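A.B. asks: quick one, structure for this:
(2 chains)
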Amino acid sequence: SQQGEEDPQALSIQEGENATMNCSYKTSINNLQWYRQNSGRGLVHLILIRSNEREKHSGRLRVTLDTSKKSSSLLITASRAADTASYFCATDGGGATNKLIFGTGTLLAVQP
Amino acid sequence: DAGVIQSPRHEVTEMGQEVTLRCKPISGHDYLFWYRQTMMRGLELLIYFNNNVPIDDSGMPEDRFSAKMPNASFSTLKIQPSEPRDSAVYFCASSFIGGVTEAFFGQGTRLTVV
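C.D. replies: You can find the predicted model right below:
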């Protein structure tokens, strides 16, 4: 089963533009993570935001979290062709489960 | 550390055969996750272990699937007998403290059942 859904499913932008991806989830959480997957490769961790945080930055990445709406967004600023990949949000399912459940992903294409 | 290591990278097998996928987690990580990725279903959590003990196997699709973790440095996912609908990419990931810390993924095993 999947915890979350990403929106949009696919996004195509020009190099230099910003890309925003949204994630909605179903249960309470302790934290939410974002991962990136290049075609044919394993997932790579980007950033983790805890349930008591509202915003977090890492380089060109900005993540927001709204636990009241059970949603998060990932913003990539000044996108590059190398940012082309699929992006997934993941949650721990809340409580003490410590599982890691992924959303459906957003396929981002950055045109040079 | 070399990261999470999965083998084989590719596996092609005939329907009905037994398939064994292998994973070596990062040393010191207490949690190990097995996932299956397909276009139709996305990335599904099959089972996860904590300190070599299976915690939640509710994602295992059928009794044909089984997973073991005999020690902290090795895990297997077995499909017996395999079916064409099992064709997918199977990922193994490990982390220090489950879903509350960063998980590290292997490169995956692409399984094709013909």
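A.B. asks: from here on, just use CA atoms for contacts and neighbour counts.
C.D. replies: Will do.
A.B. asks: now for residue A:109: which residues touch it?
C.D. replies: A:10-13, A:81, A:83-85 (Cα atoms under 8 Å, 6 or more residues apart in numbering or on different chains).
A.B. asks: so which of those residues wins on neighbours?
C.D. replies: residue A:84 (20 neighbours; other Cα atoms under 10 Å in any protein chain shown).
A.B. asks: sorry, back to before: same list (the contacts of residue A:109) but as TSV, adding secondary structure and distance to chain B.
C.D. replies: Below are these laid out as TSV (DSSP: H, G, I helix; E, B strand; the rest coil; distance: Cα to the nearest Cα, whole Å):
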residue	secondary structure	distance to chain B
A:10	strand	13
A:11	strand	17
A:12	strand	19
A:13	strand	23
A:81	helix	22
A:83	helix	19
A:84	coil	18
A:85	strand	15
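A.B. asks: and the two most separated of those?
C.D. replies: A:10 and A:81 (15.3 Å; Cα to Cα).
A.B. asks: what's around residue B:102, how many residues?
C.D. replies: Quick note: residue B:102 (other Cα under 10 Å) scores 21 neighbours.
A.B. asks: return the distance of it relative to residue B:66.
C.D. replies: Distance, residue B:102 to residue B:66, by Cα to Cα, to the nearest Å: 25 Å.
A.B. asks: now render the contacts of residue A:109 as TSV, adding pLDDT and distance to residue A:72.
C.D. replies: Conversion of those to TSV gives the following (pLDDT from 0 to 100; distance: Cα to Cα, whole Å):
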residue	pLDDT	distance to residue A:72
A:10	94	17
A:11	96	17
A:12	97	20
A:13	97	20
A:81	97	24
A:83	98	19
A:84	98	20
A:85	98	19
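A.B. asks: spell out which parts of chain B neighbour chain A.
C.D. replies: Listed as neighbours of chain A in chain B under the rule Cα under 8 Å from any Cα of the partner chain: B:42-45, B:48, B:59, B:91, B:97-108.
A.B. asks: out of the residues you listed, which are buried?
C.D. replies: Buried residues within those, defined by neighbour count using 16 or more other Cα atoms under 10 Å in any protein chain shown: B:42-45, B:48, B:91, B:97-108.
A.B. asks: which stretches of chain A form helices?
C.D. replies: When secondary structure is read from DSSP state H, chain A shows no helices.
A.B. asks: show me what from it comes close to chain B.
C.D. replies: So chain A meets chain B at A:1-2, A:30-31, A:33, A:41-45, A:48, A:91-92, A:98-105 (Cα under 8 Å from any Cα).
A.B. asks: filter the residues you listed down to the buried ones, ChimeraX style.
C.D. replies: A single ChimeraX command selects the buried members of those (16+ other Cα under 10 Å):
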select /A:2,30,31,33,42,43,44,45,48,91,92,98,99,100,101,102,103,104,105
